Structure formats: structure tokens, C-alpha cells
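Enquirer: The sequence isn't on hand, but the structure is:
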């Protein structure tokens with residue numbers, strides 16, 4: 001009988017342990033640390049111009065739609081309750097929101113917030129870097145709230161990539177409206193109070209000295225129960241060697257591709273996975289088209305100033321050694337670029353050949369632009385000792401490979417009689433106000449703008465250049481900091497971006513690429529093949545989405561979830577159970593987020609949580625089983 005009692009106690013203990021989620025082992029905190037070589041100098045979606053800012057903001061923000069790994073990286077509903085209803089003419093998009101949506105401060109997210117966000121994006125004073133794109137297709141009157149849960153968007157023209165417009169991160173009207181009404185457009189507060197989120201994470205702290213942003217789970221995220229990691233840490237590690245060492249020591253989990261590590265540079269590091277990805281991006285030399293030689297042509301001694309200026313741009317382009325850049329500097333992790341259109345883009349024109357490094361050809365183009373080399377002397381290395389004109393070169397100091405090819409061009413310009421007054425290799429805090437963050441169309445380098453500028457671009461998976469070079473997109477209301485103006489180009493772009501028929505759009509796309517090639521608006525250099533490295537245990541990771549600032553951060557982490565077949569209504573019902581009425585009105589979001597996190601954790605259902613909890617259940621079973629066997633063992637010993 002005593003044996004039966006021991007067995008019964010064992011089963012009772014086993015049952016009680018398996019039924020009680022509170023009796024679990026201490027849970028590990030899941031943290032993902034991401035290293036990049038850049039400073040963080042922007043703090044809200046409305047001022048996100050740089051790669052670094054867009055990357056960490058992608059973990060904070062949430063739009064109506066987002067790209068999904070599971071859906072072949074196409075768009076799927078995020079804050080929206082489903083795909084939009086689209087009118088037969090392709091102009092009206094009606095979007096319903098999920099029920100119970102909230103921002104990270106606990107306030108409700110409604111259709112009014114969606115309308116406010118898009119009205120802010122359409123305000124040229126906000127300085128949003130894609131203002132021109134939004135303004136081309138929307139007006140304030142074309143975005144209206146039908147009710148608290150429904151928004152109607154009416155496009156001015158059909159747009160082939162409309163879902164991209166509907167993926168902008170939604171911002172709280174209550175936080176910004178008073179400042180907008182007061183004419184305060186500098187929505188870039190360094191304390192990060194302007195980064196209130198509706199996405200899977202929220203900002204917890206920012207170490208300005210060490211350039212480190214710590215993000216914690218957003219307890220009000222619509223799918224918060226299925227966010228894998230507890231924290232995401234973005235940190236700057238300036239030196240590549242230090243970043244690689246941190247990866248090898250397990251101090252970081254993701255090594256950004258912008259470190260430009262070589263094909264074999266990470267050999268010998270265990271526990272990591274390497275991805276070599278042909279991403280939609282390119283590196284270029286940017287021309288400021290107000291320049292009187294390669295821009296307006298005003299200083300050229302030729303009849304056709306436009307063709308003369310184009311010839312100078314082609315001459316400079318032939319001084320860029322793309323073979324060296326792709327095969328040696330990038331160690332084979334790049335392809336020579338003929339235009340700005342990445343070779344991964346649908347409809348890329350492979351017949352366009354990149355311009356080779358050719359000093360003689362460059363001089364031919366300079367002569368076609370009216371420059372006379374008669375009587376100009378060269379030194380023993382083939383460099384002219386005098387100059388036709390002088391320029392200054394601007395380049396970021398954050399990319400080791402780009403540092404090399406920018407220095408090479410500075411070295412080679414005197415080969416065709418162009419002198420270099422200054423090569424300023426500096427940080428983004430200096431570069432942004434001179435270039436794509438300028439409050440006015442940038443002037444020359446001497447006027448706090450630029451002459452020649454080395455930069456890289458990351459494109460979306462659908463190549464869309466709208467707002468980059470059009471004459472309607474000059475700074476500060478658009479992305480045309482190049483000061484390029486051409487009526488033919490202005491007319492050409494809509495034939496591509498507004499065409500809904502794929503075959504016709506592909507034909508128009510070839511004409512766009514031919515224009516880029518002939519006019520050399522910029523001098524493309526390479527299409528990088530990015531080298532990403534991350535911990536082999538990391539799940540939910542996708543290098544392509546990371547490279548386009550579209551990562552699904554809610555799925556990245558060290559904890560594999562077993563997802564249930566949960567409907568939208570189930571999720572909204574779950575979100576409604578949290579009592580936020582007391583916390584939504586408080587201004588101290590740090591306190592409310594801590595309280596909310598605890599309430600979410602304590603209500604977690606063991607059967608709906610990650611698989612490691614199922615492993616704990618196995619441990620509990622074994623513990624119960626041992627409790628059954630131990631008394632049996634004791635009895636046998638006592639009777640011998």
C-alpha cells in the first residue's frame with residue numbers, strides 16, 4: 001500500500017507541474033546583437049535617410065503591408081486585416097485594419113493615425129526622403145478614413161508598385177499633430193521619443209557614446225505572443241577586425257554586409273553561417289549637375305553644352321577601374337556595373353556593357369568637350385602637371401572598399417588634366433547635410449555641397465527610381481540632390497512606373513536603362529554581392545530582406561516557435577485582453593512598457609509558446625517518473 005502512495009504522489013506532482021506554467025525553470029533572455037560600421041544620427045522614420053537608421057527602424061515600425069519570407073518576399077498584410085480591395089481602374093485601394101491595434105505607448109492605432117502618417121509624408125517640410133514618390137501618387141484629399149478601421153487611398157495615376165507605398169510605418173497622430181500645427185517639422189529628437197512604434201520592438205535605450213541602441217519587445221504589437229527575441233541590440237563597431245573578432249567570440253550575432261568581408265575572410269570561425277547574396281544595390285560616383293563642366297556645360301568651349309557636359313561625365317567614368325574594384329578590392333564579391341539598375345532586377349538589360357578603365361578613351365571624351373591638351377606637360381608617371389579645372393571629392397569613411405576606389409579616382413583624375421583641390425573622407429554626420437539631406441538643392445563643395453560624391457544605394461526588390469532624378473524632385477522636396485534636369489527623362493519614367501502590364505513595363509524599363517547608360521547621370525561602379533555572416537543557431541534570418549531594410553525582426557532569434565493556426569480575430573481578441581486603460585495616458589512610457597511586459601509574460605500559455613517549453617515538459621515528465629521509481633527502489637533495498 002505504501003508503494004501505491006508513492007506512485008500516486010509521483011503522478012500528482014507530475015500532473016501539477018505540467019499544468020502550471022508558473023513552475024518553469026528560469027527562462028533565458030533571448031537577445032540578438034547586430035553590428036554595423038555606421039553612426040546613428042537619425043531617430044525617426046520621418047528623417048530616416050541613411051542605411052543604418054533604416055535598418056534599426058525596420059525593427060520598430062510597422063506598415064499596412066510588409067514583405068514576407070514565407071510569401072516569397074512579396075507583400076502580405078501587417079497592420080492591415082487583409083489584402084486591399086482594388087478598383088477596376090487600379091486607382092482606389094481600400095484597406096481595413098486589424099482589430100485592437102496599439103502603438104508601443106499603449107494608445108490605440110486607428111484609421112486616423114494612418115491618414116495622419118500619409119499626410120505627414122506628403123508634407124514637403126517634413127523632409128522625408130521619398131516625399132516626391134508619395135506626392136506623385138497621393139494628395140491629402142486622396143487619403144481618407146472611412147471609419148476607425150478603414151482607409152481609402154486614391155492614386156493620382158496607376159502605380160505598378162502601389163503596395164510599396166502602403167508599407168510606410170504608421171505613426172501616432174497624438175504624438176506629432178500639435179508640433180505639426182505649430183510649424184515644428186524637426187521630428188528627429190535624439191532622446192528617441194519620436195520613434196514610437198507599432199512594430200515588434202520598441203526602443204529601450206540609446207548609448208550615444210558607444211553608439212548602441214537597445215530594443216525590447218513591444219507588448220502591444222498585434223502579434224506580440226509570437227515575437228521570438230526579447231531584445232535586439234544594434235551597435236556600431238567601427239573597425240572590421242574588431243567586428244569579426246566579436247562575431248568569433250559570440251559577442252554579436254549578425255555581422256552587417258557593409259563591413260565588406262572577403263570571400264575567405266571569415267574562414268576558421270566556427271558556429272557561424274555565411275551568405276553570399278546578389279542584392280539589389282549598387283555603388284556609384286555621383287555628379288553634382290550644377291557643375292559648369294560636367295553639369296550645365298557653361299564653362300565648356302563647345303557649341304552643344306549638353307553633349308559636352310555628357311562627354312566630361314563619360315571621361316571621368318572611364319577613369320574608374322571597375323575590374324579592380326570588383327575582382328581585387330571586393331575580392332570577387334561584386335559585378336562591374338553598367339547602370340544604376342542592379343543585375344538582380346527583373347528586366348535588367350544584360351546587353352549594356354560597363355565602361356572599362358581607359359585613360360586614352362577618357363582623353364578623347366575630354367577633347368570632344370573642347371579641352372585642348374596641346375602644350376600640357378606630364379610627369380614621369382603620366383600625370384599632367386597642370387589642370388583644366390579643379391574639383392573636390394567627398395566620400396564616406398565607413399566602407400573600407402569604397403575608401404579604396406575613391407582614393408584611386410582621386411589619384412587618376414590628373415591623368416586627364418583634372419586637379420583635385422580636396423578629398424574629404426568623413427562621416428555621415430558631415431555628408432548628409434551636404435548631399436541628400438540638404439535643406440536646399442546642394443551647391444558646390446565650396447558652398448557646403450559637393451562636386452563629386454561616392455555613395456551606395458540599396459534598392460527595393462522592385463526597382464523604382466521615381467523621385468531620384470526628376471526635375472520635380474529637387475531637394476528639399478525630393479531625392480534629386482544631383483540637380484539633374486531633363487525633360488526627356490521626366491516623360492520616360494512614368495511609362496515604366498505607371499504601366500500595369502508586365503510586358504509593356506519591361507519594354508519601358510529597357511528604355512530607362514538605355515537612358516541611364518547614355519546620359520551617365522551618375523557613374524555606376526559595381527553591383528556588390530554582399531557577404532553576410534550570422535550565428536548558425538539564429539532562426540528567421542534572411543539576408544535579402546536585411547539588405548533591403550525589410551527584415552522580419554519578429555521572427556529572428558534563437559527560439560523556434562510552433563505556430564498555431566491563429567486567425568486574425570483570435571489575435572485581436574488576445575490583444576484586447578490586456579488592460580491598458582491606465583497606462584495609455586501616462587507619458588512615462590518606460591514604466592508602462594515594463595509593467596506590460598510582465599503582464600504579457602505571466603499570461604503566456606505553455607502550449608502556445610516556443611518548443612523549448614515543450615522540452616521543459618519532457619523534463620517535468622522525467623522528474624515525475626523518477627519520483628515514481630525512487631520509492632520503489634527504496635522499498636527493495638529495505639527488504640533485502
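Expert: Good, I have the coordinates. Every value quoted in this text rests on a predicted model; they were computed, and no experiment measured them.

Enquirer: Residue 454 pairs with what?
Expert: residue 285 (DSSP bridges).

Enquirer: Just give me the neighbour total for it.
Expert: 25 (other CB atoms under 10 Å). For every residue, glycine as well, the C-beta is placed using N, CA and C.

Enquirer: check contacts around it.
Expert: 283, 284, 285, 286, 393, 394, 395, 396, 402, 405, 406 (CB atoms under 8 Å, 6 or more residues apart in numbering).

Enquirer: per-residue confidence at it?
Expert: Per-residue pLDDT puts residue 454 at 97.

Enquirer: Residue 188 too?
Expert: On the pLDDT scale, residue 188 gets 68.

Enquirer: Check residue 179 too.
Expert: Residue 179 is given a pLDDT of 84.

Enquirer: ok, residue 30 touching residue 232?
Expert: No - the pair residue 30 and residue 232 does not pass the contact test of CB atoms under 8 Å, sitting 9.9 Å apart.

Enquirer: Looking at those two, which one has more neighbours?
Expert: The neighbour comparison of residue 30 against residue 232 (other CB under 10 Å) goes to residue 232, with 28 against 18.

Enquirer: Contacts only, for that one.
Expert: 31, 32, 33, 34, 59, 201, 214, 215, 553, 556.

Enquirer: Where does the record place the domain boundaries for the protein?
Expert: Taking automatic domain parsing as the domain assignment, the ranges for the chain are 2-21+611-638, 31-253+538-602, 281-530.

Enquirer: For residue 272, find the nearest of those domains.
Expert: Of all those, domain 31-253+538-602 sits nearest to residue 272, with 6.4 Å by CB to CB.

Enquirer: Just give me how far the closest one sits from the chain centre.
Expert: 12 Å (CA atoms, centre = their mean, to the nearest Å).

Enquirer: So which residues of the stretch 251-400 of the chain form helices?
Expert: 305-317, 322-323, 359-368, 400-412 (DSSP state H, counting those that start in this stretch).

Enquirer: Of those helices, flag the one that's most buried.
Expert: Burial of those is given as mean neighbour count (mean count of other CB atoms under 10 Å); helix 305-317 ranks first at a mean of 22.

Enquirer: Please list the residues outside that helix that contact it.
Expert: Contacts for helix 305-317 (CB under 8 Å, 6+ apart): 285, 287, 293-298, 300, 302, 355, 361-366, 368-370, 409, 413, 416, 418, 452, 518-520, 523.

Enquirer: From the residues you listed, list just the buried residues.
Expert: 285, 287, 293-297, 300, 355, 361-366, 368-370, 409, 413, 416, 418, 452, 519-520, 523 (16 or more other CB atoms under 10 Å).

Enquirer: Centroid-nearest residue for this protein?
Expert: residue 549 (2.2 Å; CA atoms, centre = their mean).

Enquirer: Distance check, the closest residue to that one other than its chain neighbours against residue 550.
Expert: Nearest residue to residue 549 in three dimensions, chain neighbours excluded: residue 54, at 4.2 Å (CB to CB, 6 or more residues apart in numbering). Using CB to CB, to the nearest Å, residue 54 is found at 9 Å from residue 550.

Enquirer: These two - which one has more neighbours?
Expert: Counted by other CB under 10 Å, residue 54 and residue 550 do not tie: residue 550 has more neighbours, with 21 against 18.

Enquirer: Report the contact partners of that one.
Expert: Counting by CB under 8 Å, 6+ apart, residue 550 has contacts 58, 66, 67, 73, 460.

Enquirer: for the residue nearest to the second one when sequence neighbours are not counted, what are its contacts?
Expert: Put plainly, it is residue 66. Computed as CB to CB, 6+ apart, the closest residue to residue 66 that is not its neighbour in sequence is residue 78, at 4.2 Å. Contact analysis of residue 78 by CB under 8 Å, 6+ apart lists 62, 63, 64, 65, 66, 167.

Enquirer: I figured the last one hits residue 75, correct?
Expert: Yes - distance between residue 167 and residue 75: 6.7 Å, which falls inside the contact criterion (CB under 8 Å).

Enquirer: who touches both of the two?
Expert: 65, 66, 67.

Enquirer: among those, who's most crowded?
Expert: Ranking the shared contacts of residue 167 and residue 75 using other CB under 10 Å puts residue 66 first, with 25 neighbours.

Enquirer: what about residue 304, neighbour count?
Expert: 13.

Enquirer: An error on my part: the question was meant for residue 414.
Expert: Going by other CB under 10 Å, the residues that sit close to residue 414 add up to 19.

Enquirer: do the same with residue 200
Expert: Neighbour tally, residue 200, other CB under 10 Å: 27.

Enquirer: how far away is the closest residue to it other than its chain neighbours from residue 547?
Expert: Leaving aside its chain neighbours, residue 200 sits nearest to residue 554 (3.8 Å; criterion: CB to CB, 6+ apart). Distance of residue 554 to residue 547, given as CB to CB: 18 Å.

Enquirer: What of residue 402?
Expert: 16 Å.

Enquirer: likewise residue 238?
Expert: From residue 238 to residue 547 the distance is 21 Å (CB to CB).

Enquirer: got it, and residue 174?
Expert: Distance from residue 174 to residue 547, by CB to CB: 34 Å.

Enquirer: Look at the two and report which has more neighbours.
Expert: residue 547 (26 against 16).

Enquirer: Surely the more buried one is in contact with residue 257?
Expert: Yes - between residue 547 and residue 257 a contact is recorded at 6.5 Å, counting by CB under 8 Å.

Enquirer: anything in contact with each of the two?
Expert: In contact with both residue 547 and residue 257: 277, 279, 530, 532, using CB under 8 Å, 6+ apart.

Enquirer: which ones among those residues are found in strands?
Expert: With DSSP state E as the criterion, strands contain 277, 530, 532 from among the shared contacts of residue 547 and residue 257.

Enquirer: Now residue 238: closest residue in space that isn't a chain neighbour?
Expert: residue 37 (5.8 Å).

Enquirer: In contact with that neighbour, which residues?
Expert: 236, 237, 238, 239, 240, 243, 256, 258, 259, 398, 399.

Enquirer: Which ones among those residues map onto strands?
Expert: residue 236.

Enquirer: Now a PyMOL select for only the buried ones of the contacts of residue 37.
Expert: In PyMOL, a selection of the buried entries from the contacts of residue 37 looks like this (16+ other CB under 10 Å):
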select buried, resi 236+237+240+243+256+258+259+398+399
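
Enquirer: State whether residue 226 and residue 554 are indeed in contact, as I suppose.
Expert: Yes - taking contacts as CB under 8 Å, residue 226 lies within contact range of residue 554: 6.7 Å.
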